[in-house]
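S.K.: Predicted coordinates and the sequence they were generated for:
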Amino acid sequence: MADDPARVEPLFGARAQALARRHASASHFRWLALADDPEAVALRTALEACFKQAGARGEALRAGLQHERWGQHVGALAQLLALGLLATQGWRVASEPALLNQSPDILAVRDGGARALLEVRAITGAGTFPWEARRAAGEVLGDEARAGLADSLAGILRKKAATYRELADRLAIAFVIVLYEDKDSEISPLARELLYGRGADGRDELRDARGGLFCDAAGELAHVSAVIVFGRVDTPGGELRLRGELLLNPCATRPLAAAAAFPRLRSYGPDPAAPGRVRWLGPPPGDFALDGA
């Protein structure tokens, strides 16, 4: 149950601003807490709304967000935005619930009986060249760096899957891995390639999923119902807009229930007209704002 909003210190209150002033100039939290440019203001506003969904785990997420190191900071940023993303699509969320001696990042419940465990991981910057440096220099991710990023991503997916396999099985609940890519443009296509195998001529449409991790013979991701990849988009006015993809596992032992709707995410999964194949299941819904943010 969420804390009384009137008794919870704002995420970007006076103490947070004082801490941010002590950070080095390169600290992302310093920019986030103190900058008056429209992008920082919009992100602060959205995160305050997301923070209301964090309940008893809010203080731990606050501490992570206030970290001067990018890796710690972006991990908390990812989890807060994931809570907001789920809430704005009709899910009731609990942050880091205690379940059979484990605490997955999110338990989400939806009217209609759908339930899901979600583990969130910020993946941006996992490659040789973090996206911000690439974009600033106008560089394209080279083959060696892309291969390193693919290895890192595959390892993260396998580790998350292994950590929560027993819990998902014992609870008989859908399990979703959520990857936050911030504004990186490399993660989404790479995730599709890893999970479903390469598309014909490099295209996304109509793949044979037996070539990817989802349907690998070892079954390491068989209990993973789906992977969500989401991030922020550039906006000229500085407002916060998100976009994301729901990558459904065609070989899942527990597929997402029909009631587990993510209407603002573009879905990729089994093609009803082509058994054994996967493809985009509809047009892109476009980017979106977090309701109430």
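M.R.: The structure has been received and is ready for your questions. All figures in this text were calculated on a predicted structure; none of them were measured in a lab.
S.K.: mind checking the longest helix of the chain?
M.R.: In the chain, ranked by residue count with DSSP state H as the criterion, the top helix is helix 143-171.
S.K.: what comes into contact with whichever strand or helix holds Ala108?
M.R.: Here Ala108 sits within strand 106-110, counting by DSSP states H and E. Under the criterion C-beta atoms under 8 Å, 6 or more residues apart in numbering, residues 79, 82-83, 86, 90-97, 99, 115-120, 259-261 lie in contact with strand 106-110. No exception for glycine: its C-beta is placed from N, CA and C like everyone else's.
S.K.: where do the strands sit along the stretch 101-250 of the chain?
M.R.: Ranges of strands in the stretch 101-250 of the chain, per DSSP state E, counting those that start in this stretch, are 106-110, 115-122, 174-182, 207-208, 226-232, 242-248.
S.K.: Could you dump the ones you listed into CSV with distance to Asp36, mean pLDDT and mean neighbour count added?
M.R.: Shown next, in CSV, are the strands of the stretch 101-250 of the chain (distance: least, C-beta to C-beta, whole Å; pLDDT from 0 to 100; neighbours: other C-beta atoms under 10 Å):
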stretch, distance to Asp36, mean pLDDT, mean neighbour count
strand 106-110, 32, 96, 20
strand 115-122, 25, 96, 22
strand 174-182, 21, 96, 25
strand 207-208, 46, 86, 20
strand 226-232, 19, 96, 24
strand 242-248, 22, 96, 22
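S.K.: any chance of those strands in a markdown table, plus distance to Arg266?
M.R.: Output for the strands of the stretch 101-250 of the chain, formatted as a markdown table (distance: least, C-beta to C-beta, whole Å):
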| stretch | distance to Arg266 |
| --- | --- |
| strand 106-110 | 19 |
| strand 115-122 | 18 |
| strand 174-182 | 14 |
| strand 207-208 | 15 |
| strand 226-232 | 10 |
| strand 242-248 | 5 |
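S.K.: Show me the shaky parts of the stretch 1-150 of the chain.
M.R.: 1-7, 125-138 (pLDDT under 70).
S.K.: Which stretches in it count as helices?
M.R.: For the stretch 1-150 of the chain, the helices defined by DSSP state H, counting those that start in this stretch cover 14-22, 28-34, 38-51, 58-65, 70-87, 131-137, 143-171.
S.K.: among those helices, which is the most enclosed?
M.R.: Among those, ranked by average contacts under mean count of other C-beta atoms under 10 Å, first place goes to helix 70-87 (a mean of 23).
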